[in-house]
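1. Just the structure for this:
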Amino acid sequence: MTAPASNVRSVAAALQASQRSAVPSFIVMDVMQAAAEREAKGHKVIHMEVGQPGTPAPKPALAAASGAIERETLGYTLALGLPALRERIARHYQDRYGIAVAPERVVITTGSSAGFVLAFLALFDAGAKVALPAPGYPCYRHILTALGQTAVLLETGEPTRWMPTGPEIDAAARRDGVAGLVVASPANPTGTMLEPARLAEIAAACERNRIWLVSDEIYHGLAYGLREETALAHSSEAVVINSFSKYFSMTGWRIGWLIVPPAMVRPIERLAQNLYISPPAVAQVAALGAFEGLEELEANKRVYAENRALLLAELPKAGIERIAPADGAFYLYADVGDFTADSLAFTQEMLADIGVAATPGIDFDAERGSRYVRFCYAGTTADMAEAARRITGWSRLRHRR
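-> Now for the predicted structure:
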């Protein structure tokens, strides 16, 4: 017997999504979808929207994964990850930063995204307030919201090189009672980096206010002058998040890691057991192999450096002259206020008119992002040159209208 239509409608009306699911969309993914739809109609799109390398995983990673698929069962691993991978990441900190990290403090995660979920759950209770620089990676805010926590935004800009300061952290601790700070260097979307002295200042501010420092170091390896420094150099209590997605060119493999204080290992392990069981086995094997592909990865970085130089020279010819210091990562955060007060409409028109996909600044800064656009330069140099040519011609046409 079929239920009356009125009953079906009343049940559907009563069954609503939870309030915690009512997070804003991750706009860059919406742009990616719009670009894919345009490509499906046969149009050529130059992708400068999503922050991912245009190159595959390094060859040793692919070989390791292929061999594991041939030989191994690839079942569940330990919740904290393969011991060999945890040991290799610990050695990476000694080799790159001169910092001793016990392998037991390394937690393998399903991308940095799972790392943020685990860290935020382990460090902050429901209702906790967490300070974030603005502009910043939008998923910090959205994950906190979904977990019943609150983001407290610290507005940054040119005077502080788009980074927070120690006094601002002190003020947020007094005024808002924040329980932690999330900071990224190199940063998304600006590409700016923390100088060692500023990172030390931030770590000291977190320590004296007794708040957690969460350092997003996912773009380490991608710097074009100033060398990256880990928060572990300044705080033994910092929680570091990193990933194989960016420098290691393995976005779709969904594999990342945390470095956590010894006291947080077991709480995070319990959460990981229940939420994820374990990270993907084949991705962990590939990640272990990726450390043997550094020569290939450095070649990728040289392409990014060339692309960066090209765009910094060419975008001003399009009238896009005010760009945040592009110290690292593979982004340019550009002020397009001379063209528009609506960055979303601007990027939609740019995609429709000239087939260049970029991310509106409102994804990163709801208050001021309407005059900014983020361009990702992780594609080929030929594509970046073509994008610059298209944008220059389009901007001149807009000025003539």
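2. and Arg371, how many neighbours?
-> 21 (other C-beta atoms under 10 Å). Quick note: C-beta positions are derived from backbone N, CA and C, even for glycine.
3. quick one: it and Tyr333 touch, right?
-> No: look at Arg371 against Tyr333 with C-beta atoms under 8 Å: they stay out of range, at 11.0 Å.
4. what residues do these two have in common as contacts?
-> Gly361 (C-beta atoms under 8 Å, 6 or more residues apart in numbering).
5. and Gln131, what helix or strand is that in?
-> Just so we're on the same page, residue 131 is Ala rather than Gln. Element membership of Ala131 [criterion: DSSP states H and E] is strand 129-134.
6. Tell me which other helices or strands that strand touches.
-> The contact analysis (3 or more C-beta pairs under 8 Å, 6 or more residues apart in numbering; DSSP states H and E) places strand 129-134 against helix 138-146, strand 150-155, helix 166-176, strand 180-184.
7. Val107: what secondary structure?
-> Assigned with DSSP: H, G, I helix; E, B strand; the rest coil, Val107 falls in the strand class.
8. Can you name the residues that contact the residue lying closest to Thr380 once chain neighbours are set aside?
-> Leaving out its chain neighbours, the residue that sits closest to Thr380 by C-beta to C-beta, 6 or more residues apart in numbering is Gly54, at 6.1 Å. For Gly54, the contacting residues are His47, Ala378, Gly379, Thr380, Asp383, by C-beta under 8 Å, 6+ apart.
9. Now do the phi/psi pair for Gly54.
-> For Gly54, the backbone dihedrals are phi -90, psi 0 (criterion: degrees, to the nearest 10).
10. And for the one 3 residues further on?
-> Its backbone dihedrals place Ala57 at phi -60, psi 150, with angles given as degrees, to the nearest 10.
11. ok, back up a step: quick one, which of the contacts of Gly54 are buried?
-> His47, Ala378, Gly379, Asp383 (16 or more other C-beta atoms under 10 Å).
12. Which ones among the residues you listed map onto helices?
-> Asp383 (DSSP state H).
13. Make JSON lines out of the buried ones among the contacts of Gly54 and add distance to Ala263.
-> What follows is the buried ones among the contacts of Gly54, written out as JSON lines (distance: C-beta to C-beta, whole Å):
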{"residue": "His47", "distance to Ala263": "42"}
{"residue": "Ala378", "distance to Ala263": "37"}
{"residue": "Gly379", "distance to Ala263": "43"}
{"residue": "Asp383", "distance to Ala263": "47"}
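14. Show me the two of the buried ones among the contacts of Gly54 that sit farthest apart.
-> Ala378 and Asp383 (9.9 Å; C-beta to C-beta).
15. which one of the helices and strands packed on strand 129-134 is the most hemmed in?
-> Highest mean neighbour count among these (mean count of other C-beta atoms under 10 Å): strand 180-184, with a mean of 25.
16. Buried residues of the helix or strand just after it, list them for me.
-> Sequence order places helix 196-208 as the next helix or strand after strand 180-184, per DSSP H and E. Residues Arg198, Leu199, Ala200, Glu201, Ile202, Ala203, Ala205, Cys206 are the ones in helix 196-208 that count as buried (16+ other C-beta under 10 Å).
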